[in-house]
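S.K.: Any chance you could fold what I've pasted below:
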Amino acid sequence: MNKSKIIAVLACGVMLSSCGTSGNTNTQTNTQTNSHQSVLGSIISAATNGQTLGNTIKSILGTDKPRERDLIGTWHYRQPGVAFTTENLLAKAGGETIATEIKEKLSNTYTKVGINSQNTYLTINSDKTFSGKIDGKPISGQWSYTQEDQKLVLKTLLFSLNVYAKKTTGGMSFLMESKKLLNLFQTLAAMSGNSTLQTMGDLSKNYDGVRIGLDTHK
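M.R.: Numbering: from 1, shown residues only. Model prediction:
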């Protein structure tokens, strides 16, 4: 797929992410949904009852809010990133244990796609410009940030991405709403025929109320 097609796909994915889901589902979708629920159930069952409050809070978006100056620099992909929204009850059910389970499942898929620290990174400049690559595909444009809701808006010539920034022990997480990331992956899968991307989209269906994306380091 050439560069122009890739950009078009990304733009389409972002536009689709703002749309509601269709009310028409088929048997295959129902089967997949049941499968996703089973996967999510296995994640929950892996969580222990002895998680401390502090252990839970670390995985909730809204804590560790970075300041604008904290974002400046080049951030290289390290591993999948996960954070719960405050309304997600899973955050109270298992905290870090559930987050770790989700990261492990996403890590396998990211590896199959080919995402690594060399081909996936983001450079945020103090002059409000950014550049970087996602799986080797270049992106660049302008950015803005609101610390209150941790929203980092990346604007290119053709589309915008709403990303949530969260401080981590080793660097920074850049996360998206799982449903929007799902729409992006499904669009990429449909246009590229990449079955691995489709699998990644299926995985993200499990994570309603969870932000998923990339953990990065400088």
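S.K.: How about residues contacting the helix or strand residue 214 falls within?
M.R.: With the criterion set as DSSP states H and E, the secondary-structure element containing residue 214 is strand 210-217. Under the criterion CB atoms under 8 Å, 6 or more residues apart in numbering, residues 61, 75-85, 88, 90, 102, 106, 120-122, 163-164, 166, 168, 170-178, 181, 204 lie in contact with strand 210-217. Every residue, glycine included, has its C-beta placed from N, CA and C.
S.K.: Quick check on those residues: which are buried?
M.R.: Under a neighbour-count criterion of 16 or more other CB atoms under 10 Å, the subset of these counted as buried comprises 61, 75-85, 88, 90, 102, 106, 120-122, 163-164, 166, 168, 171-178, 181, 204.
S.K.: Which residue ranges of the protein form helices?
M.R.: With DSSP state H applied, the chain shows helices at 3-17, 27-46, 53-57, 90-94, 96-113, 178-192, 195-204, listed in chain order.
S.K.: is residue 215 in a bridge, and if so with what?
M.R.: With DSSP bridges applied, residue 215 shows beta-bridge pairing to residue 79, residue 173.
S.K.: gap between it and residue 69?
M.R.: Noted for residue 215: a distance of 20 Å to residue 69, by CB to CB, to the nearest Å.
S.K.: Between these two, which has more neighbouring residues?
M.R.: Looking at residue 215 and residue 69 with other CB atoms under 10 Å, you find the greater number of neighbours at residue 215, namely 22 against 9.
S.K.: Return the distance of the more buried one relative to residue 109.
M.R.: In this structure, residue 215 lies at 15 Å from residue 109, with CB to CB as the measure.
S.K.: So, low pLDDT: which residues of this structure?
M.R.: By pLDDT under 70, the low-scoring segments of the chain are 1-63, 86-96, 182-208.
S.K.: burial count for the closest residue to residue 123 other than its chain neighbours?
M.R.: Leaving out its chain neighbours, the residue that sits closest to residue 123 by CB to CB, 6 or more residues apart in numbering is residue 74, at 4.4 Å. Other residues within reach of residue 74 by the criterion other CB under 10 Å amount to 14.
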